[in-house]
Structure formats: structure tokens, C-alpha cells
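>>> Here is the input, now give the coordinates:
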Amino acid sequence: ITDNGKDGYDECRQMQNIVDGLGSGTRILVASLRDADTIAKLAMEGLDTFTFNPDVAREIFDEPLTDNAAEEFEEAAARGST
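Prediction:
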């Protein structure tokens, strides 16, 4: 939608408002998102089904604090099992 000169965020928000207004269980698939901020904004509007490329996935899921905590947990688990 955005590539065709429209405000993709607003279009998706309006579609979600229609679905909500109808009381429908329909889920809108928002495809080819290019950044995590847009996903977060759309999620705040009630949209919850997205497709995105691996770079965006890394932007969302790569978190150094989580990675460090997971590594510490694995090390502690290995020490505890011997």
C-alpha cells in the first residue's frame, strides 16, 4: 500500500477499525513490513498478524541483554548438571 503512494499505516488501522466495528473475528495479514517500529505501532492498534523479512526479525528479536542472560543460564545449567 505504501509503495503505491498511500499511507499504509492508516489504511491498516482503518481496516482494523472496520473489522472491530463489525465484531468480526477476521484477522488482517499485514505483509512485507520493513521495520520494527511500524509493527509495534500497528500492534497497538490491534493488528497482530504480520510478515516481515529476516532483517526485521533480527531488529525485533536480537536483544543483547536477553542473549547474555540466556548464555549465563546455559552456563549455570551446565555447571549444575555435572
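>>> Please report the distance of residue 80 from residue 74.
Between residue 80 and residue 74 the computed distance is 11 Å (Cβ to Cβ, to the nearest Å). For glycine as for every other residue, the C-beta is placed from the backbone atoms N, C-alpha and C.
>>> tell me the contacts of the residue nearest to residue 59 when sequence neighbours are not counted?
Here the nearest residue to residue 59 in space, its sequence neighbours aside, is residue 36; by Cβ to Cβ, 6 or more residues apart in numbering that works out to 4.5 Å. If you count contacts by Cβ atoms under 8 Å, 6 or more residues apart in numbering, residue 36 has them with 56, 59-60.
>>> Repeat that for residue 29.
Applying Cβ under 8 Å, 6+ apart as the definition, the contact partners of residue 29 turn out to be 49-51.
>>> what do you get for residue 23?
If you count contacts by Cβ under 8 Å, 6+ apart, residue 23 has none.
>>> per-residue confidence at it?
Looking at residue 23, its pLDDT stands at 96.
>>> Need the phi and psi values for it.
Backbone geometry at residue 23, expressed as degrees, to the nearest 10, gives phi 70, psi 30.
>>> Could you do residue 29 as well?
Its backbone dihedrals place residue 29 at phi -90, psi 110, with angles given as degrees, to the nearest 10.
>>> Could you list everything it pairs with in the sheet?
In this entry, residue 29 is beta-bridged to residue 49, by DSSP bridges.
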